[in-house]
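Chemist: Sharing a sequence plus its predicted fold:
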Amino acid sequence: MDKIVIEGGQPLRGEMRVLGAKNAALPIQCAALLADGPTTLRHVPQLSDVRTMNALLAGLGCEVTGERTLTIHPGGVSDGPLEAPYDLVKTMRASVTVMGPLLARYGRARVSLPGGCAIGARPIDQHLRGLEALGATVTLSHGYVDLAAKRLTGAAFVFDLVTVGGTQNVMMAATLARGTTVLENVAREPEVVELALVLNKMGAKIRGAGTPVIEIEGVDRLSGIDHAILPDRIEAGTFMVGAAITGGDVTLRHAPVDDLHAVIAKMEEAGVLFDVTPEGLRVRGPDELRPIDVTTRPHPGFPTDMQAQIMVLATAARGQSLVTETIFENRFMHVPELCRMGADIVVHGNSAAIRGPTRYSGAEVMATDLRASASLILAGLIAKGRTEVRRVYHLDRGYETIETRLRSIGASIERYHGARG
Ligand code: UD1
């Protein structure tokens, strides 16, 4: 297994382009299943999750070619197994997003139930209830869910809670249903808006994406399209924190500023300086950071996928900060590792009380999930001495060659291949 080694203390300085968003790419890859012809996606990030989704699509009978520019041709799917197997679903939960498209386009789907994951139980009950509302029969057996419907029928459905994947799955299914579907209490994340845009380009009739109510008028068929994936707000946010805590000065080209309001607002409260320039979003770290209180919420609130990274910023600030996680039940696994590097963080239930500023000292640490790993890299950037982050395969799920990217803006960071553990 690879490890990443960082020598802390270098400010991040320079310019970098924000890459395509993982969480936008994955559901759009699934949407390609709905089309009658090939779909071409551009600016696709080179990540293991994207490759896992490609393997799933290939297993379903799609012809998948290219990488950065990816073409998915669903021609062979009708003769395929219409199944997302356990081996793939267990490595990536987003695999369940094929459920809605398969059911809508091919009348049937068999998907392994994902089970829990490192950050919580993460059930898919809302996906299933939504699809049932559209007329699917849902049967659970042997760890799999079987769905069937000759043709789905438009219906009204209210989600019990805001779910990104659930909204995407049911919205995709409804595009080919007979009649109109009205979905309430939907997720408003930029990746939901982007998916609706893509589906509409394919010929769907979706209104209201980005608001709490989405209306979908079913159509008979959808066609393949050509589409560029939007820039990754979480990658941008992670590099923003890196610039801020190192007292750096970084310009992020193509940063999706409008999707980052909550993160920018919190970082400004901490004293970080932002300028929108013709080149991109410029981020400058202050001499001293102020403490902040952050609570994660569905979009447009503060994103849970930035919680671990903002916590590192809070540890670097002088005074008491509070970080509260409301989306996932077990998303503080970075805390013990940050404490091993010197942070003063006390967790009570779903809140973490932080006292700073931490003078981090480099250590060997273990990555536990994607964003937790990013927080360890960030702490390593400001630690005294050498930090070794193990299990970096978590990072490779969501950050494309993070070590090369950070090195290009001044970090002292290397990847070593084949390290133990
Ligand atoms: C997506 C993102 C993930 C992000 C999350 C929240 C992708 C590929 N992943 O994950 O990076 O952290 O949104 O912004 O886009 N829930 C249920 N029942 C359901 C569905 C969800 O109880 O049927 C719960 C989950 O356990 C969780 C909360 O709802 O506590 C939000 O989950 P959801 O928005 O569905 O997250 P994902 O779509 O899995």
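Modeler: Yes, it's here. These numbers were taken from a predicted model, which means no experiment stands behind them.
Chemist: Where does the stretch 151-300 of the chain get nearest to the ligand, residue-wise?
Modeler: The minimum distance from the stretch 151-300 of the chain to the ligand, using CB to the nearest ligand atom, falls at residue 165 (2.8 Å). Where you see a C-beta, it was placed from the backbone N, CA and C, and this is true even at glycine.
Chemist: Get me the contact residues on this protein for the ligand.
Modeler: The chain comes close to the ligand at residues 23, 26, 93-94, 120-127, 161, 163-166, 187, 191, 304-305, 327-328, as judged by CB under 6 Å from any ligand atom.
Chemist: out of those, which are inside helices?
Modeler: Counted as lying in helices by DSSP state H, out of the residues of the chain next to the ligand, are 23, 26, 125, 126, 127, 164, 165, 166, 191.
Chemist: Among those, which one has the most neighbours?
Modeler: Counting neighbours by other CB atoms under 10 Å, the top entry in these is residue 166, with 28 neighbours.
Chemist: close enough to count as contact, it and residue 131?
Modeler: No - taking CB atoms under 8 Å as the definition, residue 166 is not a contact partner of residue 131, at 9.5 Å.
Chemist: Go through the ones in helices among the residues of the chain next to the ligand and name the one nearest residue 369.
Modeler: Closest approach to residue 369 among those (CB to CB): residue 23, at 14.4 Å.
Chemist: pLDDT score for the closest one?
Modeler: Per-residue confidence (pLDDT) for residue 23: 97.
Chemist: ok, back up a step: make JSON lines from the ones in helices among the residues of the chain next to the ligand and add distance to residue 146 to it.
Modeler: Supplementary listing: those in JSON lines, determined by distance: CB to CB, whole Å:
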{"residue": "23", "distance to residue 146": "27"}
{"residue": "26", "distance to residue 146": "23"}
{"residue": "125", "distance to residue 146": "16"}
{"residue": "126", "distance to residue 146": "18"}
{"residue": "127", "distance to residue 146": "14"}
{"residue": "164", "distance to residue 146": "24"}
{"residue": "165", "distance to residue 146": "19"}
{"residue": "166", "distance to residue 146": "18"}
{"residue": "191", "distance to residue 146": "27"}
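Chemist: Report the mean confidence score over stretch 194-208.
Modeler: For stretch 194-208, the per-residue pLDDT averages 98.
Chemist: neighbouring contacts of it?
Modeler: 21, 24, 27-28, 31, 34-35, 39, 168, 171-172, 175, 209-210, 214-219, 221-225, 227, 229-230 (CB atoms under 8 Å, 6 or more residues apart in numbering).
Chemist: again, only this time at 7 Å
Modeler: 24, 27-28, 31, 34-35, 168, 171-172, 175, 209, 214-217, 219, 221-223, 225, 227, 230 (CB atoms under 7 Å, 6 or more residues apart in numbering).
Chemist: same deal with stretch 211-224?
Modeler: Outside stretch 211-224, the residues that reach it (CB under 7 Å, 6+ apart) are 34-39, 154, 171, 174-186, 188, 202-208.
Chemist: buried stuff in that stretch?
Modeler: Judged by neighbour count using 16 or more other CB atoms under 10 Å, the buried positions of stretch 211-224 are 214, 215, 216, 218, 222, 224.
Chemist: confidence score at the fifth one?
Modeler: The one in question is residue 222. 98.
Chemist: now it: how far from residue 35?
Modeler: 5 Å (CB to CB, to the nearest Å).
Chemist: Helix or strand for the closest residue to residue 302 other than its chain neighbours, just tell me which one.
Modeler: Spatial nearest neighbour of residue 302, excluding adjacent residues (CB to CB, 6 or more residues apart in numbering): residue 262 at 4.5 Å. If you go by DSSP states H and E, residue 262 is part of helix 261-269.
Chemist: following that helix, which helix or strand shows up next?
Modeler: Using DSSP H and E, the first helix or strand after helix 261-269 is strand 273-277.
Chemist: I'd like to check the angle between whichever helix or strand comes after that following strand and strand 273-277, please.
Modeler: Using DSSP H and E, the next helix or strand after strand 273-277 towards the C-terminus is strand 280-284. Between strand 280-284 and strand 273-277, the angle comes out at 160 degrees (axes from the mean of the first three to the mean of the last three CA atoms, to 10 degrees).
Chemist: which other residues reach strand 280-284?
Modeler: 240, 243-244, 249-255, 257, 272-275.
Chemist: Also stretch 318-325?
Modeler: 288-296, 304, 307, 310-311, 314, 331-332, 350-357.
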